[in-house]
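Q: any chance you can model this:
(chains A and B)
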Amino acid sequence: MALLDWIVLISTVVLIVGYGIWKTRGSKDMESYFLGGNEAKWWTVGLSVMATQASAITFLSTPGQAYHDGMGFAQFYLMLPIAMIIICVTFIPLYYRLKVYTAYEFLEKRFDLKTRSLTAALFLIQRGIACGITIYAPAIILSSVMHWDLKSTTIIIGFISILYTVLGGTKAVHVTHKHQMIVILSSLVVIFFVLLNYITDDYSLSENLLIAKASDKLEIIDFKWDMNERYNIWSSIAALFLFLSYFGTDQSQVQRYISGRSIKESRLGLIMNGIMKLPLQFFILFLGILVFLFYQTHKAPIFFNDQVKEKLEQSIVAEEFNDLKSDYNLLVETKLNAHQNLIIAKREDNSQNLLKYKQEVFTLNLQERQFRSDVKDLVNQLDQGLESNDKDYVFISFILKHLPNGLIGLLLAVVFFAAMSSTSSELNALASTTTVDIYKRSVYKNGTEEHYLKASKLWTLFWGLVAVSIATFGKLLENLIQFVNIIGSVFYGSILGIFLVAFYLKKIGANSTFFAGILTQIAVIIIYKMDIIPYLWLNVIGAFGVILVAQGLSFFLDRKVLMAKR
Amino acid sequence: MDNVDNSTTRDDSPVFKNWSSWYWLVVIVNLIVVTLIYLYFNSL
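A: Next up is the predicted model:
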């Protein structure tokens, strides 16, 4: 990396983090530490909610997802706006009315202590693991492509996030989020124009998009009913449950909007997210399509993870790999000709040829997929422990090899900011849940404000160390973005179910809900292990499971309580 | 937490008279975005 990139990277990170720490120094009590003194305006709430959700994984993996599989992943977010509306109408007024610090505090007021503790514990387990992955995911990719030491990269990302979250609490998280998101969004716009400039040398944008369309990259809606397909219009219904649980009951998000200046500011913040998230996700996926189009004229590598590629070249399967590479190179040439013929047919308005070359490009694209799949098989054949999925390396590899100096440093700052913004929200939420729902409620009840403030900072530090440890010992899984969603889906359904019972089924009591939560969680883990259903549907099973089991149990358990009360 | 407001329809938003207009705005903006992109991509 050039000196200019280092200067841009380090100065951007130091400036924004330093300003965040300086601006938010001196929290006096737990309320100002965890709720930021309830000073956040709607755009701060909105940007903070978006920054929390958009981790480094989002920026690294999503364009790669579009590069390989097209824009179908956008369907995952189709129901997010509906989730925002439901939360504005149902969840926010309740949280404000009861003046809670955490989402789980509400459950004690509605049910009892054990239900609150169970839900808080489920959150701590899943978010603790996910926080480790939030740090690990970008660290492994950066260390691989930049040849940085993995442990040092993990520790640097973790340490900076811990530093400003411990020192400034929620206010520091908000202030840094705002500036981080501004840098992230403006950098994405810059890269969009750079890519546009790169790809429009020979063909216009619409001609380029015709190539993408013929290569089956622009299918945004899939109406086919197929339970095995991870992303289609039907799985977006399952994703609604994931979003309701994530935005409505996950403390890392709840804490962002209950720290708003008023209920109005909180709602407007979520409305901002509801309006901007889907277009933003389209935009990030579209960047992946532009990278795909760029590589059509710049000879895309057969495998984007250079480290693994080098291992293949020096291994016992090197000969097979080289054969694949030569065949692939021939295919690249054939594809270039097919693209040219397609565009000529379009310019001549020759519908017969247009159809013919669309079909040819489609077939060639299928062959290319087969080559990539064959390379994956070779990687697995060589060593099962090697990462055979190169989706996460597509975008970063393009950034490092084809962007001008200075912009590389800025884009690396974006990856760092995205990692830090999610990590800081998660640490902040893990600490507030541990302090408020466990420590203050069940361990040390009569402490002073000063004591709880100190405890809050220590718990933030504790969770930071846990996350860094998980990140240090982590192991790369199939696809990072999907793994985080899978972890969420295993736990989120049951948590959402408990909240839905609390909101809408007033007659169901604490014991029924508590045992329904435990039984359903066990069932969801078993179903996940059996691998019989796509992970998104686990949210639906978990939520409805708790509602149905609680309803069933309430005939016995709640009736007993009622009779005892009489 | 001082300015607690439990209403869902109060005239307190800076642009629209009630909250349901904001919610419709969210739905309509997203519907327009998805429909336009879908139609454009399919027209290629």
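Q: helices and strands around the longest helix anywhere in chain A, which ones?
A: Of all the segments of type helix in chain A, defined by DSSP state H, the longest one is helix A:150-199. Helix A:150-199 makes packing contacts with helix A:3-23, helix A:30-35, helix A:42-53, helix A:113-146, helix A:205-214, helix A:263-297, helix A:407-432, helix A:449-472 when contacts are defined by 3 or more C-beta pairs under 8 Å, 6 or more residues apart in numbering or on different chains; DSSP states H and E. To be clear about C-beta, it is placed using only N, CA and C from the backbone, and glycine gets the same treatment.
Q: need the CA coordinates for the third one. CSV is fine.
A: In other words, helix A:42-53. The C-alpha coordinates for helix A:42-53 follow below in CSV (Å, rounded to 0.1, in the frame of the first residue of the first chain):
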residue,chain,number,x,y,z
TRP,A,42,-33.8,11.7,14.2
TRP,A,43,-31.0,11.8,11.7
THR,A,44,-28.5,10.7,14.3
VAL,A,45,-30.9,7.8,15.3
GLY,A,46,-31.4,6.9,11.6
LEU,A,47,-27.7,7.0,10.7
SER,A,48,-26.8,5.1,13.9
VAL,A,49,-29.4,2.4,13.2
MET,A,50,-28.0,2.0,9.6
ALA,A,51,-24.4,2.0,10.8
THR,A,52,-25.1,-0.7,13.4
GLN,A,53,-26.7,-3.0,10.8
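Q: could you list the domains of chain A?
A: A:40-295+A:400-474, A:306-386 (automatic domain parsing).
Q: got those domains as JSON lines, with mean neighbour count and mean pLDDT columns?
A: Output for the domains of chain A, formatted as JSON lines (neighbours: other C-beta atoms under 10 Å in any protein chain shown; pLDDT from 0 to 100):
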{"stretch": "domain A:40-295+A:400-474", "mean neighbour count": "21", "mean pLDDT": "88"}
{"stretch": "domain A:306-386", "mean neighbour count": "15", "mean pLDDT": "89"}
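Q: okay if I get those as JSON lines plus distance to residue A:489?
A: Shown next, in JSON lines, are these (distance: least, C-beta to C-beta, whole Å):
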{"stretch": "domain A:40-295+A:400-474", "distance to residue A:489": "6"}
{"stretch": "domain A:306-386", "distance to residue A:489": "25"}
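Q: what about the closest residue to residue A:302 other than its chain neighbours, which helix or strand?
A: If the residues on either side of it in the chain are set aside, residue A:302 comes closest to residue A:328, at 4.8 Å by C-beta to C-beta, 6 or more residues apart in numbering or on different chains. Assigned by DSSP states H and E, residue A:328 belongs to helix A:318-347.
Q: packing partners of that helix?
A: Short answer (3+ C-beta pairs under 8 Å, 6+ apart): helix A:318-347 packs on helix A:205-214, helix A:263-297, helix A:306-313, helix A:351-382.
Q: what separates the third one from the chain centre, distance-wise?
A: Mean-position distance between helix A:306-313 and its chain equals 28 Å (C-alpha atoms, centre = their mean, to the nearest Å).
Q: tell me what that helix is packed against?
A: Looks like helix A:306-313 contacts helix A:113-146, helix A:318-347, helix A:351-382 (3+ C-beta pairs under 8 Å, 6+ apart).
Q: in JSON lines, list those along with distance to residue B:29.
A: Converted to JSON lines, those look like this (distance: least, C-beta to C-beta, whole Å):
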{"stretch": "helix A:113-146", "distance to residue B:29": "29"}
{"stretch": "helix A:318-347", "distance to residue B:29": "32"}
{"stretch": "helix A:351-382", "distance to residue B:29": "32"}
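Q: starting at the chain centroid, how far to stretch A:80-92?
A: Mean C-alpha position of stretch A:80-92 versus that of the full chain (C-alpha atoms, centre = their mean) differs by 19 Å.
Q: so it, near chain B or not?
A: Yes: in terms of C-beta under 8 Å from any C-beta of the partner chain, part of stretch A:80-92 sits within range of chain B, namely A:81-82, A:84-85, A:88-89.
Q: and those, which is closest to residue A:390?
A: Of all the residues of stretch A:80-92 next to chain B, residue A:390 sits closest to residue A:81, with 32.4 Å by C-beta to C-beta.
Q: only alpha carbons, please: show the helix or strand in which the closest one is found as CSV.
A: Assigned by DSSP H and E, residue A:81 belongs to helix A:80-86. Extracted as CSV, the C-alpha positions of helix A:80-86 are listed here (Å, rounded to 0.1, in the frame of the first residue of the first chain):
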residue,chain,number,x,y,z
LEU,A,80,-37.6,-4.3,6.1
PRO,A,81,-39.7,-1.1,5.6
ILE,A,82,-42.8,-3.0,6.9
ALA,A,83,-40.8,-4.1,9.9
MET,A,84,-39.9,-0.5,10.6
ILE,A,85,-43.5,0.6,10.5
ILE,A,86,-44.6,-2.2,12.9
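Q: isn't residue A:238 right up against residue A:533?
A: No: using C-beta atoms under 8 Å, residue A:238 makes no contact with residue A:533, being 9.6 Å away.
Q: how much space between the closest residue to residue A:342 other than its chain neighbours and residue A:292?
A: Of all residues not flanking residue A:342 in the chain, residue A:357 sits nearest, at 3.9 Å (C-beta to C-beta, 6+ apart). For residue A:357, the distance to residue A:292 (C-beta to C-beta, to the nearest Å) stands at 18 Å.
Q: quick revisit: for the helix holding residue A:81, name the packing helices and strands.
A: helix A:235-249, helix A:263-297, helix B:19-43.
Q: could those go into JSON lines alongside distance to residue A:255?
A: Output for the helices and strands packed on helix A:80-86, formatted as JSON lines (distance: least, C-beta to C-beta, whole Å):
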{"stretch": "helix A:235-249", "distance to residue A:255": "12"}
{"stretch": "helix A:263-297", "distance to residue A:255": "11"}
{"stretch": "helix B:19-43", "distance to residue A:255": "22"}
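Q: go through these and name the closest to residue A:35.
A: Going by C-beta to C-beta, the one of those nearest residue A:35 is helix A:263-297, 11.4 Å.
Q: so is the closest one next to chain B?
A: Yes: for a cut-off given as C-beta under 8 Å from any C-beta, helix A:263-297 has contacts with chain B, namely A:263-264, A:267-268, A:271, A:274-275, A:278-279, A:282.
Q: circling back to that earlier point, so the residue nearest to residue A:342 versus chain B, what's the distance?
A: 13 Å (C-beta to the nearest C-beta, to the nearest Å).
Q: residue A:348 is in contact with that residue, correct?
A: No: if you go by C-beta under 8 Å, residue A:357 and residue A:348 don't touch, sitting 11.3 Å apart.
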